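what follows is a predicted protein model with its sequence.
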Amino acid sequence: MVFNKLNVKLEKMRQQEFKIRTYGRMELAQTYFPTLLALSAWNKLKRWIDNCPQLKKRLAELTDNPKARTWTPRQVEAIVEMLGEP
């Protein structure tokens, strides 16, 4: 039953077109890793960003608050340019 619900959720996510907009950090992470819990997805996305110095630098240039819990549309665009669309 749980796997069936997960498969339905994954199929819905695949059918939706990804939009560049403001995302919560965990919300965006879950678009990249929909099968993971929010915190695990965030930790994995953070590792991907940390392993991509160009992206990390670009994100730092686009924010005045490095501890923000949301990604601006420009930051989301930078992430998608470097990591690809979720």
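Looks like it came in fine.

poorly predicted segments of this structure, please.
Scanning the chain with the threshold set as pLDDT under 70 gives 1-15.

strands of that one, residue ranges please.
Taking DSSP state E as the test, the strands found in the chain are 23-24, 70-71.

tell me which of those strands is the most buried.
Of all the strands of the chain, strand 70-71 carries the top mean neighbour count, a mean of 18, counting by mean count of other Cβ atoms under 10 Å. C-beta coordinates here come from the backbone N, C-alpha and C atoms, glycine included.

which neighbouring elements make contact with it?
If you count contacts as 3 or more Cβ pairs under 8 Å, 6 or more residues apart in numbering; DSSP states H and E, strand 70-71 packs onto strand 23-24, helix 25-32.

as JSON lines, the strands of the chain with distance to Glu85 would be great.
Formatted as JSON lines, these follow (distance: least, Cβ to Cβ, whole Å):
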{"stretch": "strand 23-24", "distance to Glu85": "13"}
{"stretch": "strand 70-71", "distance to Glu85": "14"}
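
picking up where we left off before, so which of the helices and strands packed on strand 70-71 gets nearest Glu17?
helix 25-32 (11.5 Å; Cβ to Cβ).

quick one: contacts of the closest one?
13, 18, 23, 36, 38-39, 41-42, 44-46, 48, 68-71, 76, 79, 83, 86 (Cβ atoms under 8 Å, 6 or more residues apart in numbering).

out of those, which end up buried?
The neighbour count (16 or more other Cβ atoms under 10 Å) marks 23, 41-42, 45, 48, 71, 76, 79 as buried among those.

out of those, which one sits closest to Gln54?
Of the buried ones among the contacts of helix 25-32, the one sitting nearest to Gln54 (Cβ to Cβ) turns out to be Ile79, at 11.5 Å.
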